[in-house]
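1. I need the structure of the sequence given here:
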Amino acid sequence: MEELIRNVAEKLGIDEETAQSVVGTLMSFVRDSADEEDANALFEQMPEAKELVESQAEDGAGGGGLMGMLGGMFGGGIGSAMAAFSKLQEQGLDTSQIGEAGKTVFSHLSENLDSDLVQRILSQLADKVPGLDNFIGNDDE
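-> Modelled structure (predicted):
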């Protein structure tokens, strides 16, 4: 997990504390939007990610702003994506950085965990949220 956070910080030109929050936000999105069985399998392979998500939830780190409110109204994949996007923007990321963060995180997961599982999750997320593949690096479509 530390390597992933350092990679995100380096690629985005942000500090490691912000990168940790970014990774937590993206992993929360996976937890909330992917098939529950697949999300659980991913978190079993990377328990530090589950701990990060849980610690952010305890800190009340939910997405605010208009996009966060709209995300709560829509629910499901699109709602979770909107809330995550809003939270990432609140952390100071622009659209380009959000895309780079997603690609960096999912590339790392694919290289270090069960790549078939990660690809299945990427496909699930891209199917639920049109255009999301531009932000998470799902190049299979």
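2. and the pLDDT for the spatially most central residue of the chain?
-> What sits nearest the mean C-alpha location of the chain, by CA atoms, centre = their mean, is L26, with 1.5 Å. Here the pLDDT value assigned to L26 is 95.
3. for it, helix, strand, or coil?
-> helix (DSSP: H, G, I helix; E, B strand; the rest coil).
4. OK, contacts around it?
-> 84, 101-102, 105 (CB atoms under 8 Å, 6 or more residues apart in numbering). For every residue, glycine as well, the C-beta is placed using N, CA and C.
5. got phi/psi on A34?
-> Backbone torsions for A34, taken as degrees, to the nearest 10, come to phi -80, psi 160.
6. so the nearest residue to it once chain neighbours are set aside is in which element?
-> In this structure, A34 finds its nearest non-sequential neighbour in I121, 4.6 Å apart by CB to CB, 6 or more residues apart in numbering. I121 belongs to helix 115-128 when assigned by DSSP states H and E.
7. which other residues reach the helix or strand just after that helix?
-> Counting by DSSP H and E, the next helix or strand C-terminal to helix 115-128 is helix 133-136. Here helix 133-136 makes contact (CB under 8 Å, 6+ apart) with 98-99, 102-103, 106, 122, 125-126, 139, 141.
8. would you agree A19 is in contact with M1?
-> No: with contact defined as CB atoms under 8 Å, A19 does not reach M1; the gap is 10.9 Å.
9. for G92, give me its contacts.
-> Counting by CB under 8 Å, 6+ apart, G92 makes contact with 14, 18.
10. pLDDT at it, what is it?
-> For G92, pLDDT reads 94.
11. so where do the helices sit in this structure?
-> Along the chain, counting by DSSP state H, helices occupy 2-12, 16-33, 36-45, 47-58, 65-74, 76-90, 95-112, 115-128, 133-136.
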